[in-house]
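Q: quick one: sequence and predicted model below, then my questions.
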Amino acid sequence: MTAVRSQMLEVVRDAYPETFEGFGPSKPLGESIFSGRTPHPNEVLNLFVQQKLASALPMAYYMATRRGPSSLMDRNLPRNATLSPEVLQSAITGLMTLRELELNETHRMIFEPSGSRPCSAPNCPSRAPTGPAALEAYRKVFDRIVGSSQLGTKVLQVPEFYENCGGELQCVGPGICSGCVERWGSWHAELRKKAWAALPGVFGLRD
Ligand SMILES: [Zn+2]
């Protein structure tokens, strides 16, 4: 029995990592690791709360909140996926904080790049960062990163800066050069680390 339990905990630890290093974007994470019926993330959160799986809670909270309030408060869910008022409150508070962080930081990253000179790549709209072409491109990139259904959050997700245009990969913001995308990519990587480190605090898991 102990062996089974420790094996199960191992699996959980892998899918609900404790450290940012354990959070590989290409790894199966969260509720997708369960075989058979994929449980609702609220159900997993409830289970971990009941079992006092403290190390897995920040990630479990994140998985439930990233879908937004309508998923957290869905009234059609079975009992075991319905959150208690306390858990729901922590989840909503955390979601609002993460979303604010995501919006502010992404805005800063794209629209107010501090200390960086205008891009020097030929034809990149960022050469004139306040020009209409740049602003239009920036807006599209911004929407791609923070735009999310049901007002959830994508703050821990690696953003997709490129889309497939007739077999060719192009930046979501028309004309933006790969240098700008790279700069944004590394900024966003820092944002993900920052957001990860904030998880226990925003969900009230630190006393
Ligand atoms: Zn550029």
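A: Ah, there it is. Numbering: from 1, shown residues only.
Q: helix or strand next in line after the helix or strand harbouring Asp14, which one?
A: Asp14 belongs to helix 2-15 when assigned by DSSP states H and E. Counting by DSSP H and E, the next helix or strand C-terminal to helix 2-15 is helix 41-50.
Q: returning to that earlier point: now the angle from the helix holding Asp14 to helix 41-50?
A: 130 degrees (axes from the mean of the first three to the mean of the last three C-alpha atoms, to 10 degrees).
Q: now helix 2-15: buried residues?
A: Buried positions in helix 2-15, judged by neighbour count with 16 or more other C-beta atoms under 10 Å: Val12, Ala15. (Glycine included, C-beta is placed from N, CA and C.)
Q: next: stretch 40-55.
A: For stretch 40-55, the buried set under the neighbour-count rule, 16+ other C-beta under 10 Å, comprises His40, Pro41, Asn42, Glu43, Val44, Leu45, Asn46, Leu47, Phe48, Val49, Leu53.
Q: now do the fourth one against Leu98, distance only.
A: Here the distance between Glu43 and Leu98 works out to 21 Å (C-beta to C-beta, to the nearest Å).
Q: show me where pLDDT drops low in the chain?
A: Scanning the chain for pLDDT under 70 picks out the ranges 1, 114-116, 148-150, 207.
Q: now the helices for the chain?
A: 2-15, 41-50, 57-65, 69-72, 85-111, 132-146, 178-202 (DSSP state H).
Q: packing partners of the longest one?
A: In this structure, helix 85-111 packs against helix 41-50, helix 57-65, helix 69-72, helix 132-146, helix 178-202, with contacts taken as 3 or more C-beta pairs under 8 Å, 6 or more residues apart in numbering; DSSP states H and E.
Q: can you pull the contacts of Leu9?
A: Leu53 (C-beta atoms under 8 Å, 6 or more residues apart in numbering).
Q: how close does Asn104 get to Ile110?
A: From Asn104 across to Ile110, the span is 11 Å (C-beta to C-beta).
Q: likewise for Cys180?
A: In this view, Cys180 and Ile110 are 9 Å apart by C-beta to C-beta.
Q: for this protein, which residues are neighbours of the ion?
A: Within the chain, the residues that sit near the ion (C-beta under 5 Å from the ion) are Cys119, Ala121, Cys124, Ser126, Cys177, Cys180.
Q: skipping adjacent residues, who's closest to the second one in space?
A: Spelled out, it's Ala121. Cys177 (3.8 Å; C-beta to C-beta, 6 or more residues apart in numbering).
Q: now swap in the third one and tell me
A: Taking C-beta to C-beta, 6+ apart, and ignoring the residues beside it in sequence, Cys124 has Cys177 as its nearest neighbour in space, at 3.8 Å.
Q: and what of the first one?
A: Here the nearest residue to Cys119 in space, its sequence neighbours aside, is Ser126; by C-beta to C-beta, 6+ apart that works out to 3.7 Å.
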